[in-house]
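In: With the input below, show me the fold.
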Amino acid sequence: MTDNPITLQPGPVFYEVFLGALMIYGTNLKEWAALHGYDANNVKMAAVGAWNGPKARELRQKMIDRVGEDTFRHLYERRMAEEARGAA
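Out: Okay, the predicted model is just below:
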């Protein structure tokens, strides 16, 4: 881990990291959302930041917890690095 870790921000990268992790675990967004009492569209809206109130922040934390914070952060940072290389 770096000395100055990237802050996990809602957005497309956050959403993609979560979807990828769900695939690795053999599930998908619709199944995970239903298991936790959410509509899959609301989960997506929270992940991308279109829904950003207290409930959305709580939901994003549940998403991070499902993957594991260290794992999620590692995947997120790698994905952000790829984005930066693509934008250069």
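In: now stretch 16-36: how far from the chain's centre is it?
Out: How far stretch 16-36 lies from its chain's middle: 10 Å, per CA atoms, centre = their mean, to the nearest Å.
In: What of stretch 7-19?
Out: Taking mean C-alpha positions (CA atoms, centre = their mean), stretch 7-19 and its chain are 4 Å apart.
In: Identify all contacting residues around it.
Out: 28-29, 44, 46-49, 52, 56, 60, 63-64, 66-67, 72-73, 75-76, 79-80, 83 (CB atoms under 8 Å, 6 or more residues apart in numbering). Placement of C-beta: from N, CA and C, glycine included.
In: How many neighbouring residues does the closest residue to residue 51 other than its chain neighbours have?
Out: In space, residue 51 comes closest to residue 45 once its chain neighbours are excluded; the distance is 3.9 Å by CB to CB, 6 or more residues apart in numbering. When neighbours are defined as other CB atoms under 10 Å, residue 45 has 17 of them.
In: and the next element down the chain from the helix or strand where residue 45 lies?
Out: Taking DSSP states H and E as the definition, residue 45 sits inside helix 40-48. Later in the chain than helix 40-48, the nearest helix or strand by DSSP H and E is helix 54-67.
In: What residues sit buried inside the helix or strand that that next one is followed by?
Out: Next helix or strand after helix 54-67 toward the C-terminus (DSSP H and E): helix 69-87. For helix 69-87, a neighbour-count test (16 or more other CB atoms under 10 Å) marks 72, 73, 75, 76, 77, 79, 80 as buried.
In: distance of the third one from residue 22?
Out: Computed with CB to CB, to the nearest Å, the distance linking residue 75 and residue 22 is 12 Å.
In: Next, the buried residues of stretch 24-37.
Out: So for stretch 24-37, counting by 16+ other CB under 10 Å, buried means 29, 32, 33.
In: same question for it, mean pLDDT?
Out: For stretch 24-37, the mean pLDDT works out to 97.
In: Next up, the contacts around residue 44.
Out: Residue 44 is in contact with 15, 29, counting by CB under 8 Å, 6+ apart.
In: Show the model's pLDDT score for it.
Out: The model reports residue 44 with a pLDDT of 98.
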